[in-house]
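# I would like the atomic coordinates for the input below:
(chains A, B, C and D)
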There are 2 protein chains.
Amino acid sequence: MRAPTIRDVAERAGVSKSLVSLVLRGSDQVRPEKRQAVLAAVEELGYRPNAAARSLSERRTRTVGVLLNDLRNPWFVELLDGLNSRLHDAGLRMLMADGRLSRRLGEDLTRTFTDLGVDGLIAVGTLPPSEALRTAAARIPTVVAGAREPRLPAVDIVAGDDGHGARLATEHLIGLGHRRIAHIAGQGVVGELRRRGFETVMREHGLADTAVVEQGDLTEEGGYRAAVRLLSARERPTAVLAFNDMAGVGALSAAEQLGLQVPRDLSVVGYDNTYVSRLRHLWLTTVDNGSHDVGRRAAQCLLDRIADPSRPAELVLTTPALEVRGTTGAPVAA
Amino acid sequence: MRAPTIRDVAERAGVSKSLVSLVLRGSDQVRPEKRQAVLAAVEELGYRPNAAARSLSERRTRTVGVLLNDLRNPWFVELLDGLNSRLHDAGLRMLMADGRLSRRLGEDLTRTFTDLGVDGLIAVGTLPPSEALRTAAARIPTVVAGAREPRLPAVDIVAGDDGHGARLATEHLIGLGHRRIAHIAGQGVVGELRRRGFETVMREHGLADTAVVEQGDLTEEGGYRAAVRLLSARERPTAVLAFNDMAGVGALSAAEQLGLQVPRDLSVVGYDNTYVSRLRHLWLTTVDNGSHDVGRRAAQCLLDRIADPSRPAELVLTTPALEVRGTTGAPVAA
DNA sequence: ACCTGCTTGTCAAAGGATTGACAACTGCCA
DNA sequence: TGGCAGTTGTCAATCCTTTGACAAGCAGGT
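Predicted structure coming up:
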């Protein structure tokens, strides 16, 4: 029982298949009666155009591929939402592939999408460096969202202003009275920008000497271990700015383990405003990157680039906002 | 600068396009020299076969569509992993679409995939009832993974044994000495199975009278509210079995808010063993559904069904395991 | 010389939709 | 009656790959 094709519809409606195509694409060059006949036939047969045939002929798929780096780190959920809403309005659908899954299998993420002939590519978050992405981006309109790399010739980048976000968080802590503040740093350009933002503000306030940076990673485990190191030091910090929420949660655990009360003995700030930070039981003060907005604007960039593939690469930064919750407070007097 | 096609390759290698096709599909009916020539041309041109044309001609896509219900609830991450590893071995790639995103836009999740002509469909988790899924399942091999509905004619179901999982958790609590145990129930068939498992065990232990069931939902918010109601009762329970981890985390928050210590004053058990439950700071006792295994077996079911679409629908249940962490303990003597 | 059978390639027909070129028809005017 | 413009439809080429049918070349047997 094959799916009905355009010929079946044409036959049933008593017209040519070209006319069916015209009707389906909303041409006004067709008489109302014929239009009705065609639509009726479509309805009765449950006809759905074959995407493969269509994309072959139209040379586009009305589909964009979204490359995710890791479903386990949920910061991108809002971003996807923004992305989707804008793309949907433009008549594009979204397909996702998780990098971590594919990576483990030695597969190339982008190939699935290039083979599929997607009209655009969105890399969400920092992906592992990939030659394939570079070559794909040379053929397919590509936008990086929520990350700062890779920088490629005709690839736009849309992200939160990490330096500014780190500044907000650091100033918040300083404003509360903290002096000895530590930063659990992340990797890559984003990690560097957040670290620099932190360091800059500390310097501005003459606190360069009491600023500590400990390398962590993007996971709770990494945040935990870094925090344990920080808090076991002889002069422990009274506040920690973590690279992201997961690392921040790790810091919370470390504090608990070491018998420190949050925020009494230790303030913790995360980054990304993920739903994890919003869990009432964690209620982590964090920096909101405006991910929904980042998603929308990334989508817009992609649409613009699809319209004009040769336009110069753009760098769009959104302004983050501090989200004060329960894990920050004034330090107890020493 | 169009992507090179099979004709370009053929021309460059000085052979017909049919031969190129033969080489690419590994036929042994071709002389080594020609094979080399073709492969060299492919390499030089960076040729990649056009998936649309191929699927049009082969009448299959080597792609399966994965329908997710909500990226915000992370229980399925492991499942996807298992799914992917098995499908990858079979030469199939995986494409995902998030139901919540599409739903909000009044779009039909399954249409993207049916239009794309995927070879199979996997519904992960309980999806909103959809006529489209029913009709899609009539044409496309379909498997439900990690849920118990919808039950459709030729659709296999692979899931954890929820009744058994609830039993394990409840017995664990009773074994610790709890008598007054509450359950925060979820919706749908899965919710019902877990609730029944709970009730059955309570009855077996003569605790039917002290068993309380409060309706919640799958979110932290729902769990929180249900727990607040439970814990504000005149005779409050000493233990709560939540429908899932998110609801369990909500219960933790409620306990904290009401000044109850976990597990001293209240034991909490979640369900799904998500990474949220593994966060050190939560360290939630939970039930592991063996999601990785569920994923692998769902993939196998799908492969079998693709091979023989008419085989009778199967119901595969995996055996869950209790994961005891920090949120359960003996009740303090009244 | 001719037939047979094998190996190695080529041809051309799908497969389903889009689209530019063109045909048939209408009505209108000269 | 013939010509013209404007509507409505149809035809056929095109997009790229797969694949069954078939052709050409060769070797060996008779």
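# where do the helices sit along the stretch 1-150 of chain A?
Along the stretch 1-150 of chain A, the segments classed as helices by DSSP state H, counting those that start in this stretch run A:6-13, A:17-24, A:32-45, A:51-58, A:77-89, A:99-104, A:109-116, A:131-139.
# among these, which is nearest residue A:306?
With C-beta to C-beta as the measure, helix A:77-89 is the member of those nearest residue A:306 (10.6 Å). Quick note: C-beta positions are derived from backbone N, CA and C, even for glycine.
# what's across from residue A:183 in the sheet?
On the basis of DSSP bridges, residue A:183 is bridged to residue A:213, residue A:241.
# who in chain A is up against DNA strand D?
A:15-19, A:22, A:29-31, A:33-34, A:53, A:56-57, A:59 (C-beta under 7 Å from any atom of the strand).
# of those, which ones also sit close to chain B?
A:53, A:56 (C-beta under 8 Å from any C-beta of the partner chain).
# show me the two of the residues of chain A next to DNA strand D that sit farthest apart.
A:33 and A:59 (32.9 Å).
# compare those two (neighbour count), which wins?
More neighbours surround residue A:59 than the other of residue A:33 and residue A:59, with 12 against 8 (other C-beta atoms under 10 Å in any protein chain shown).
# any idea how chain A splits into domains?
A:6-49, A:60-160+A:292-308, A:162-289 (automatic domain parsing).
# distance to DNA strand C and mean pLDDT added to these, as TSV?
Formatted as TSV, the domains of chain A follow (distance: least, C-beta to the nearest atom of the strand, whole Å; pLDDT from 0 to 100):
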stretch	distance to DNA strand C	mean pLDDT
domain A:6-49	3	92
domain A:60-160+A:292-308	9	89
domain A:162-289	39	96
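# residue B:278: which of those is closest?
Among the domains of chain A, the nearest to residue B:278 by C-beta to C-beta is domain A:162-289 (8.2 Å).
# from the chain's centre, how far out does that closest one sit?
The gap between where domain A:162-289 is centred and where its chain is centred comes out at 21 Å by C-alpha atoms, centre = their mean, to the nearest Å.
# span of that domain from start to end?
End-to-end distance for domain A:162-289: 8 Å, by C-alpha to C-alpha, to the nearest Å.
# now swap in stretch A:285-295 and tell me
Stretch A:285-295 end-to-end distance (C-alpha to C-alpha) = 22 Å.
# thinking again about what came up before, can you flag the buried ones in the residues of chain A next to DNA strand D?
A:15, A:19, A:22, A:34, A:53, A:56 (16 or more other C-beta atoms under 10 Å in any protein chain shown).
# out of the residues you listed, which one sits closest to residue B:312?
Closest to residue B:312, out of all of those and judged by C-beta to C-beta, is residue A:53, at 33.3 Å.
# would you map the helices across the stretch 151-300 of chain A?
Using DSSP H, counting those that start in this stretch, helices in the stretch 151-300 of chain A cover A:162-176, A:188-204, A:220-232, A:245-257, A:275-278, A:291-307.
# the ones you listed: which one's closest to residue A:110?
Comparing these under C-beta to C-beta, the one sitting nearest is helix A:291-307, at 15.2 Å.
# and the closest one, anywhere near chain B?
No. Helix A:291-307 lies out of reach of chain B by C-beta under 8 Å from any C-beta, never closer than 10.6 Å.
# quick one: that helix to helix A:77-89, angle?
40 degrees (axes from the mean of the first three to the mean of the last three C-alpha atoms, to 10 degrees).
# re the thing from before, make JSON lines out of the helices of the stretch 151-300 of chain A and add mean neighbour count.
Shown next, in JSON lines, are the helices of the stretch 151-300 of chain A (neighbours: other C-beta atoms under 10 Å in any protein chain shown):
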{"stretch": "helix A:162-176", "mean neighbour count": "21"}
{"stretch": "helix A:188-204", "mean neighbour count": "19"}
{"stretch": "helix A:220-232", "mean neighbour count": "22"}
{"stretch": "helix A:245-257", "mean neighbour count": "26"}
{"stretch": "helix A:275-278", "mean neighbour count": "22"}
{"stretch": "helix A:291-307", "mean neighbour count": "22"}
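# what's the closest of the ones you listed to residue B:244?
helix A:275-278 (14.3 Å).
# which other residues reach the closest one?
Residues external to helix A:275-278 that are found in contact with it (C-beta atoms under 8 Å, 6 or more residues apart in numbering or on different chains): A:74, A:77, A:245-246, A:248-249, A:270, A:282-286, A:323, A:325, B:72, B:276, B:279.
# before we move on, back to that, quick one: closest of the helices of the stretch 1-150 of chain A to residue A:123.
helix A:131-139 (6.8 Å).
# now the angle between helix A:109-116 and the closest one, please.
Using the same axes, to 10 degrees, helix A:131-139 lies at 40 degrees relative to helix A:109-116.
# against which helices or strands is helix A:131-139 packed?
Judged by 3 or more C-beta pairs under 8 Å, 6 or more residues apart in numbering or on different chains; DSSP states H and E, the packing partners of helix A:131-139 are helix A:109-116, strand A:120-124.
# buried ones in that helix?
A:133, A:136, A:137, A:139.
# okay if I get the helices of the stretch 1-150 of chain A as CSV plus distance to residue A:290?
Formatted as CSV, the helices of the stretch 1-150 of chain A follow (distance: least, C-beta to C-beta, whole Å):
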stretch, distance to residue A:290
helix A:6-13, 44
helix A:17-24, 39
helix A:32-45, 43
helix A:51-58, 34
helix A:77-89, 9
helix A:99-104, 23
helix A:109-116, 26
helix A:131-139, 25
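# residue B:290 is nearest to which of these?
Per C-beta to C-beta, nearest to residue B:290 of those: helix A:99-104, 18.1 Å.
# contacts only, for the residue of the stretch 101-250 of chain A found nearest DNA strand D.
Nearest residue of the stretch 101-250 of chain A to DNA strand D, counting by C-beta to the nearest atom of the strand: residue A:117, 9.0 Å away. Applying C-beta under 8 Å, 6+ apart, we find residue A:117 in contact with A:55, A:60, A:61, B:50, B:51, B:52.
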